[in-house]
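Visitor: generate coordinates for the sequence data below:
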Amino acid sequence: MGAPAPQVTFNTPPFTFTRDEALNYTGLAPKMFDRLEHAGSITGRRVGRNGSVVYLREQLEKATANLFGGPSTDIDSEFEGLGG
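Guide: Got it, this is the predicted structure:
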């Protein structure tokens, strides 16, 4: 038998974050995070370990990008409304 196949790893951020992780990931100040949450731009869900609130990475990225007035980096939004 040949050598085992090399293990492939991907260096991607997690799909969800706790509040502290979200603050660290986005670099937002806690007060700004609170404002975005109050405005509905960021919504946490109590689905984490032991019922902790978690936030979706996609929402965090979109809300942060919107603060800078730039487009989202989500490729699906680039093609929204086109074709089937």
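
Visitor: so for the helix or strand where residue 64 lies, what gets flagged as buried?
Guide: Using DSSP states H and E, residue 64 falls within helix 57-67. Buried residues in helix 57-67, counted by 16 or more other Cβ atoms under 10 Å: 57, 59, 60, 61, 62, 63, 64. From N, CA and C alone the C-beta is placed, and that goes for glycine too.

Visitor: ok, for the second one, nearest residue in space, not its chain neighbours?
Guide: Right, the one you point to is residue 59. residue 42 (5.5 Å; Cβ to Cβ, 6 or more residues apart in numbering).

Visitor: pull the contacting residues for the one you found.
Guide: 22, 33, 36, 55, 59, 60, 63 (Cβ atoms under 8 Å, 6 or more residues apart in numbering).

Visitor: tell me the SS of the residue lying closest to the last one once chain neighbours are set aside?
Guide: So the one you mean is residue 63. The spatially closest residue to residue 63, leaving aside those adjacent along the chain, is residue 41, at 4.2 Å (Cβ to Cβ, 6+ apart). Using DSSP: H, G, I helix; E, B strand; the rest coil, the structure places residue 41 in coil.

Visitor: would you agree residue 41 is in contact with residue 59?
Guide: Yes: Residue 41 lies in contact with residue 59 (Cβ atoms under 8 Å); the separation is 7.4 Å.

Visitor: mind checking pLDDT for the residue nearest to residue 59?
Guide: Note for residue 42: predicted pLDDT of 95.

Visitor: ok, residue 60 next?
Guide: 96.

Visitor: same thing with residue 50?
Guide: pLDDT, residue 50: 87.

Visitor: before we move on, the earlier item: who's in contact with the residue nearest to residue 63?
Guide: Going by Cβ under 8 Å, 6+ apart, residue 41 touches 59, 62, 63, 66.

Visitor: number of nearby residues for residue 69?
Guide: Neighbour count for residue 69, taken as other Cβ atoms under 10 Å: 6.

Visitor: I'm done for today, thanks for sticking with me.
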